[in-house]
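Engineer: Next one to model:
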Amino acid sequence: SEFVNYPKQHEDISYGQGFGEPHPVTLISEGAEARWLVPEEPVPNWEKNQFQDAQWNTGLTGIGYDNTPKYAPFIGDGGNTNDQMRGINASVYIRIPFVVGDASTINNLTLRMRWEDGFVAFLNGEEIHRENAPDITQWDSRALSNRSNETNAITLFDYPLSATLRNGENILAIQGLNASP
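Structural biologist: Model (predicted):
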């Protein structure tokens, strides 16, 4: 009778000031294991959790196109897409698995990432954010414009999300977009 907007409750955690305050949790760290593919044809359901990516390239995040030594520190081991993308495709598919113990204790998600020309991000198969991407993306889509490497490729950008995590394995899937192949 005393609380009008009573928030979601969690087992064995009291409601009130000063106890159980939220604290940041990192679900995917820089240098996390990932799988990636530069598609040469449509790849149905590549962003879905149950998709089998065992034949894809493996690497550590960040995954991307690095054509100068200045940006090399931001490309993870095995994550340089130069040879597969150059002159072939402006898109790369990236899948990053991560595990959540109790999804009900996590809220206020933020996607934090570096990117240059464009991307579309999916969480467990549902689109969660896009930047500088066409309204409808295909396997060979390009970013809407070329953005400057000088600051964009090395700056962390934060995007608040309204997405739902699952208990157990989750998949963050990203279609990275260059302005040209």
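Engineer: After the least confident helix or strand in the chain by mean pLDDT, which helix or strand is next?
Structural biologist: Sorting the helices and strands of the chain by mean pLDDT, DSSP states H and E puts helix 149-152 at the bottom, at a mean of 70. Sequence-wise, the next helix or strand downstream of helix 149-152 (DSSP states H and E) is strand 157-160.
Engineer: Not counting that following strand itself, show me its contacts.
Structural biologist: 108-115, 129, 131 (C-beta atoms under 8 Å, 6 or more residues apart in numbering). All C-beta spots, glycine's among them, are computed from the backbone N, C-alpha and C.
Engineer: export the residues you listed to CSV and tack on distance to Leu172 and secondary structure?
Structural biologist: Below are the contacts of strand 157-160 laid out as CSV (distance: C-beta to C-beta, whole Å; DSSP: H, G, I helix; E, B strand; the rest coil):
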residue, distance to Leu172, secondary structure
Asn108, 16, coil
Leu109, 11, coil
Thr110, 12, strand
Leu111, 8, strand
Arg112, 11, strand
Met113, 9, strand
Arg114, 14, coil
Trp115, 13, coil
His129, 11, strand
Glu131, 15, strand
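Engineer: Turn the buried ones among these into a named PyMOL selection, would you?
Structural biologist: Here is the PyMOL selection string for the buried members of these, based on 16 or more other C-beta atoms under 10 Å:
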select buried, resi 109+111+113+114+115+129+131
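Engineer: What values do phi and psi take at Asp135?
Structural biologist: phi -60, psi -40 (degrees, to the nearest 10).
Engineer: cool, Trp36 as well?
Structural biologist: The phi/psi pair for Trp36 (degrees, to the nearest 10) is phi -150, psi 160.
Engineer: is it true that it touches Met85?
Structural biologist: No - assessed by C-beta atoms under 8 Å, Trp36 is found out of contact with Met85, at 10.3 Å.
Engineer: that older thread, now tabulate the contacts of strand 157-160 in a markdown table and tack on distance to Thr137.
Structural biologist: Converted to a markdown table, these look like this (distance: C-beta to C-beta, whole Å):
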| residue | distance to Thr137 |
| --- | --- |
| Asn108 | 27 |
| Leu109 | 22 |
| Thr110 | 23 |
| Leu111 | 17 |
| Arg112 | 22 |
| Met113 | 17 |
| Arg114 | 20 |
| Trp115 | 15 |
| His129 | 13 |
| Glu131 | 12 |
